[in-house]
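Asks: how would this look folded up:
(chains A and B)
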Protein chains: 2
Amino acid sequence: MPPPIHFWFEFASTYSYLSAWRVESEARARGIEVVWEPFLLAPIFGAQGWKDSPFNLYPVKGRYMWRDMERLTAALELPFMRPTKFPRNGLLAARVCCAAAKEPWLPDFVRAVYRANFADDREISTPEVVGSLLAAQGVSADEWLERAALPETKQRLREQTERAIAKGIFGAPSFTVGDELFWGNDRLTQALDFACAGS
Amino acid sequence: MPPPIHFWFEFASTYSYLSAWRVESEARARGIEVVWEPFLLAPIFGAQGWKDSPFNLYPVKGRYMWRDMERLTAALELPFMRPTKFPRNGLLAARVCCAAAKEPWLPDFVRAVYRANFADDREISTPEVVGSLLAAQGVSADEWLERAALPETKQRLREQTERAIAKGIFGAPSFTVGDELFWGNDRLTQALDFACAGS
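Replies: Numbering: from 1, shown residues only, chains lettered A, B, ... in the order given. This is a model prediction of the structure:
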């Protein structure tokens, strides 16, 4: 059995949308399990002096990224619309993911949050939007929003970000297989190759 | 006939080494002409407040890049050794490229400079090393070092960097097909696809 691939995602990250869409089917096709790892980039970016997305801090790079996303989503036939606000705060949705780590609907919920942000231009930071995406999974929005607000859930997300830093993660999406780190949607295939080679 | 692909390279850039190796054979296989476009990143990085390579400014990202280069060069079976000095100043070599823009040995010279820097750990900023790489192409080192030092050659390199900025380029390697920009060795295939689709 190949080792699992850990998929580190942040809801504000455009390129994580692509990987959230691809990772499960591509891993499954090769018999590899996916471990979904929510974390936050803000503390990591903040530690290197960035108080905003690098795509906003460096507008030339930002312009390129939006065009690149247009091309990549078109190639994947993924719905995409540049959101009217960027980045959006993914804290609440990430906490839901921490609370729901073992739920079978987690991957669908993650994809739904990305789609809400990057295709439907919805404000994913609010309990209303997150709640509606939970309800669409057939679970109780109130129950999961309550669990997301528990001190132990908040602590779990802080620990996730600490674990990401300990792995050498500096951006999203990232993939880890054991201690091997792969950064960016462009490295998903290599990460899966690495998992297969190591099995 | 598909339009040409413009390959924008900077000798200090690690990932440009990979593209310098790949671009000609992959473009030729698809009937696409390559236009070799030397430029300098220092003025572009400087304008956004970076006085060193981002891989030095952000050591966590730098650590990852060196590991990523190890993996990518191994997959391409390219010789690679992390140089003892990074980044090295590619100004002289870039000026030679501007002077020799129409010479048939230019692509081989470019690859030789990258190999000297990233496989043989040689100080590519010096006339001695650049001269020896010119001599290895069977041309006169003295003659081309002289041409590299001409005011019109220096001016041509400044204009190259201005052209890069006008194209929206913010890193290396980059590829352009008409006004369409692709950033990074990871986008070479998409750039070639784009050229073919537009033909």
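
Asks: Only C-alpha atoms from now on, for both contacts and neighbour counts.
Replies: Noted.

Asks: Going by neighbour count, list what's buried in the helix of greatest length in chain A.
Replies: If you go by DSSP state H, chain A has its longest helix at helix A:59-76. For helix A:59-76, the neighbour count (16 or more other Cα atoms under 10 Å in any protein chain shown) marks A:Lys61, A:Tyr64, A:Met65, A:Asp68, A:Met69, A:Glu70, A:Leu72, A:Thr73 as buried.

Asks: now swap in stretch A:135-155 and tell me
Replies: Quick answer for stretch A:135-155 (16+ other Cα under 10 Å): A:Gln137, A:Ala141, A:Trp144, A:Leu145, A:Arg147, A:Ala148, A:Thr153, A:Lys154.

Asks: For the last one, which non-adjacent residue is spatially closest?
Replies: Residue nearest to A:Lys154 in three dimensions, not counting chain neighbours: A:Arg95, with 6.4 Å by Cα to Cα, 6 or more residues apart in numbering or on different chains.

Asks: check contacts around A:Phe45.
Replies: By Cα atoms under 8 Å, 6 or more residues apart in numbering or on different chains, the contact set of A:Phe45 is A:Lys51, A:Asp52, A:Ser53, A:Phe170.

Asks: whoops, I mixed them up, A:Leu133
Replies: Here A:Leu133 is in contact with A:Phe109, A:Ala112, A:Val113 (Cα under 8 Å, 6+ apart).

Asks: Checking it next. Helix, strand or coil?
Replies: Here A:Leu133 is helix, with the state taken from DSSP: H, G, I helix; E, B strand; the rest coil.

Asks: What separation do you get for it and A:Asp142?
Replies: 12 Å (Cα to Cα, to the nearest Å).

Asks: re the thing from before, closest one to chain B out of the buried residues of helix A:59-76, please.
Replies: In terms of Cα to the nearest Cα, no member of these lies closer to chain B than A:Lys61, at 6.5 Å.

Asks: Count the neighbours of the closest residue to the closest one other than its chain neighbours for me.
Replies: Excluding the flanking residues, the one nearest A:Lys61 by Cα to Cα, 6+ apart is A:Phe55, at 5.8 Å. By other Cα atoms under 10 Å in any protein chain shown, the residues close to A:Phe55 number 16.

Asks: Does A:Phe55 touch A:Phe86 like I think?
Replies: No. Between A:Phe55 and A:Phe86 there is no contact under Cα atoms under 8 Å: 9.2 Å.

Asks: picking up where we left off before, and the residue nearest to A:Lys61, that's in a strand?
Replies: No. Using three-state DSSP, the secondary structure at A:Phe55 is helix, not a strand.

Asks: check contacts around it.
Replies: Applying Cα under 8 Å, 6+ apart, the residues contacting A:Phe55 are A:Lys61, A:Gly62, A:Arg63, A:Met65.

Asks: on that earlier part again, ok, of the contacts of A:Phe45, which one's closest to chain B?
Replies: A:Phe170 (6.5 Å).

Asks: Could you report the separation of the closest one from A:Phe39?
Replies: A:Phe170 is 11 Å from A:Phe39, by Cα to Cα.

Asks: can you check A:Gly198 too?
Replies: Counting by Cα to Cα, the gap from A:Gly198 to A:Phe39 is 26 Å.

Asks: Of these two, which one has the most company?
Replies: Ranked by neighbour count (other Cα under 10 Å), A:Gly198 and A:Phe39 place A:Phe39 first, with 28 against 12.

Asks: these two touch, right, the more buried one and A:Gln160?
Replies: Yes. Between A:Phe39 and A:Gln160 there is a contact at 5.5 Å, judged by Cα under 8 Å.

Asks: got the residues of chain A near chain B?
Replies: A:Gln48, A:Tyr58, A:Val60, A:Lys61, A:Tyr64, A:Asp68, A:Gly168, A:Ile169, A:Phe170, A:Leu181, A:Phe182, A:Asp186 (Cα under 8 Å from any Cα of the partner chain).
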